[in-house]
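Participant: pasting the structure only:
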């Protein structure tokens, strides 16, 4: 089968590698020359997953995988299936930004072969596949939907760094704009995923779109509830981690963990796809408000214990959106940074995955544990493994350590005379 994957980011490239590993001829398309050039040299431009790093050279050498930009799109016209994984995010005003995926869709339409199947894996608002991209593809290609080309939605359900594992263990949700589109998409995924992977057909593309929004927003709501419990526990001198652990011993309780905030490509973004244009939804926007407020809550914790932060140095440990990923998309470190600055603090940052220039570009003064520069307060924002054995003495002048992920043992800090505070502990 000839397959084109449009968008070769941290998820798109593993998808292309998965398909090629199953014996199909895969053309990856991206707007970034450096990504395309690296792949064609037989190198993975992303270093998130060892299987990805190992497979790219072999597949390129075998001729199963190659990459191109839209300047040379001829191979797309030969593709029997086009999979689209171009990001859709929200802007600073939390409005949905379709510009990159609209541009990709127009390019696909201009190069769409007769009878091709187009599948969107990018998370989308309900109705987008049929009502936005269907007409766009039809107009740009001169072909009729569900006669000359076919269209479906199948949400990606994977995490960066473990894409191949997640592809194996989570059912693939598939819904098309017609029964025939759905049938073709189901058959496609059965051909490209590992044997034994469940392909779950749902009624239509709208159902598949809502599945992704439902599961992502559930996590946001669950975390917001955990954060509310943490704030209640903080007011009442209770350890919320003990509470959640005991509560989850009952099989109907699945409470997530509280924290300094929620970041990443998904959870801070996709709930907006549900509620931005639907005022009848009440819980998801409230959950977003609660989770966005955890940066301010963390600053309150600090000021309650050390007083005014005006002119005081505070270091944020971990700028990535979660532990052990080299990604900072919508990281809660940014909300924490802004709240600290508003309180008058001098804000420093450290992250083993980012260099000093990158930290400066994100508004953090770089800091290195072990330096002589004193930090009165440190906040663990991303629970990287590198911080698990953090020596409190490596942060000069440290008086308060706020474990924003409740990930570290308090005893080393207390032995060192440093006040340790968790979220809801």
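Facilitator: All right, it came through fine. Every value quoted in this text rests on a predicted model; they were computed, and no experiment measured them.
Participant: which parts of stretch 171-191 are buried?
Facilitator: 172-178, 181-182, 184-186, 188-189 (16 or more other CB atoms under 10 Å). Heads up, the C-betas are built off the backbone N, CA and C, glycines and all.
Participant: over to stretch 13-26?
Facilitator: Going by 16+ other CB under 10 Å, stretch 13-26 has these buried residues: 13-22, 24-26.
Participant: and the buried residues of stretch 171-191, which two are furthest apart?
Facilitator: Taking CB to CB, the two most distant members of the buried residues of stretch 171-191 are 172 and 178; they sit 18.8 Å apart.
Participant: just the ones of the buried residues of stretch 13-26 in strands?
Facilitator: In this view, the buried residues of stretch 13-26 that belong to strands under DSSP state E are 25-26.
Participant: how far away is the nearest residue to residue 217 once chain neighbours are set aside from residue 123?
Facilitator: Spatial nearest neighbour of residue 217, excluding adjacent residues (CB to CB, 6 or more residues apart in numbering): residue 271 at 4.5 Å. Distance, residue 271 to residue 123, by CB to CB, to the nearest Å: 11 Å.
Participant: now swap in residue 205 and tell me
Facilitator: In terms of CB to CB, residue 205 sits 13 Å off from residue 123.
Participant: can you pull up the bridge partners for the nearest residue to residue 306 once chain neighbours are set aside?
Facilitator: Closest residue to residue 306 apart from its sequence neighbours, by CB to CB, 6+ apart: residue 400 at 5.5 Å. Taking DSSP bridges as the rule, residue 400 bridges to residue 377, residue 419.
Participant: I'd assumed residue 392 was in contact with residue 400.
Facilitator: No. In this structure residue 400 lies outside contact range of residue 392 using CB atoms under 8 Å: 10.7 Å.
Participant: what touches both of those two?
Facilitator: Residues touching both residue 400 and residue 392 (CB atoms under 8 Å, 6 or more residues apart in numbering): residue 418.
Participant: can you list the domains in the protein?
Facilitator: When the chain is parsed with automatic domain parsing, its domains come out as 2-203, 217-425.
Participant: show residues contacting stretch 29-38.
Facilitator: Contacts of stretch 29-38 (CB under 8 Å, 6+ apart): 4-9, 12-13, 28, 44-45, 67-70, 73, 76.
Participant: after the helix or strand hosting residue 272, which helix or strand is next?
Facilitator: Using DSSP states H and E, residue 272 sits within helix 271-275. From helix 271-275 onward toward the C-terminus, using DSSP H and E, the following helix or strand is helix 283-292.
Participant: what angle do the next helix or strand after that next one and helix 283-292 make?
Facilitator: Next in sequence after helix 283-292, counting helices and strands by DSSP H and E, comes helix 294-306. Inter-element angle recorded for helix 294-306 and helix 283-292: 30 degrees (by axes from the mean of the first three to the mean of the last three CA atoms, to 10 degrees).
Participant: buried ones in helix 294-306?
Facilitator: 294-299, 301-302.
Participant: and the next element down the chain from that helix?
Facilitator: Next along the chain after helix 294-306, taking DSSP H and E as the criterion, comes strand 313-317.
Participant: need the contact partners of that following strand.
Facilitator: 302, 333, 336-337, 340, 345-351, 364, 367, 373-382, 387, 390, 395, 397.
Participant: tell me how many other residues crowd residue 280.
Facilitator: Neighbour count for residue 280, taken as other CB atoms under 10 Å: 5.
Participant: and the gap between it and residue 204?
Facilitator: 22 Å.
Participant: now do residue 278
Facilitator: For residue 278 relative to residue 204 (CB to CB), the value is 19 Å.
Participant: more neighbours: which of those two?
Facilitator: Set residue 278 next to residue 204 and count neighbours by other CB under 10 Å: residue 204 wins out with 18 against 12.
Participant: that one against residue 175, yeah?
Facilitator: Yes. Counting by CB under 8 Å, residue 175 is a contact partner of residue 204 at 4.9 Å.
Participant: which residues are in contact with both of those two?
Facilitator: Counting by CB under 8 Å, 6+ apart, the residues touching both residue 204 and residue 175 are residue 182.
Participant: what pairs with the closest residue to residue 116 other than its chain neighbours across the strands?
Facilitator: Using CB to CB, 6+ apart and skipping the chain neighbours, the partner closest in space to residue 116 is residue 149 (5.1 Å). Under DSSP bridges, the beta-bridge partners of residue 149 are residue 145.
Participant: can you tell me which residues contact residue 149?
Facilitator: Applying CB under 8 Å, 6+ apart, the residues near residue 149 are 112, 114-118, 137-138, 141, 143.
Participant: those, buried ones only, as a ChimeraX selection?
Facilitator: Here is the ChimeraX command that selects only those of the contacts of residue 149 that count as buried (16+ other CB under 10 Å):
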select :112,116,117,118,137,138,141,143
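Participant: kindly indicate which of the contacts of residue 149 lies nearest residue 228.
Facilitator: residue 118 (41.8 Å).
Participant: so the closest one, which state does it fall into?
Facilitator: strand (DSSP: H, G, I helix; E, B strand; the rest coil).
Participant: is it true that it touches residue 112?
Facilitator: Yes. Applying CB under 8 Å, one finds residue 118 in contact with residue 112, separated by 7.3 Å.
Participant: need the residues touching each of these two.
Facilitator: With CB under 8 Å, 6+ apart as the test, residue 118 and residue 112 both reach 82, 137, 149.
Participant: taking the centroid of this protein, which residue is nearest it?
Facilitator: Nearest to the mean C-alpha position of the chain, by CA atoms, centre = their mean, lies residue 265 at 3.2 Å.
Participant: buried stuff in the longest helix seen in the chain?
Facilitator: The longest helix of the chain (DSSP state H) is helix 205-236. By 16+ other CB under 10 Å, the buried positions in helix 205-236 come out as 205-206, 208-213, 216-221, 223-231, 233-234.
Participant: just stretch 411-423 next, same as before
Facilitator: Neighbour-count burial for stretch 411-423 flags 412-413, 418, 420-423 (criterion: 16+ other CB under 10 Å).
Participant: ok, now stretch 339-355?
Facilitator: Buried, per 16+ other CB under 10 Å, within stretch 339-355: 339-340, 343, 345-351, 353-354.
Participant: of those residues, which belong to helices?
Facilitator: Reading helices off the buried residues of stretch 339-355 with DSSP H, I get 339-340.
Participant: wouldn't the residue nearest to the centre of the chain be in contact with residue 89 here?
Facilitator: Yes. Here residue 265 reaches residue 89: they are 7.4 Å apart, a contact under CB under 8 Å.
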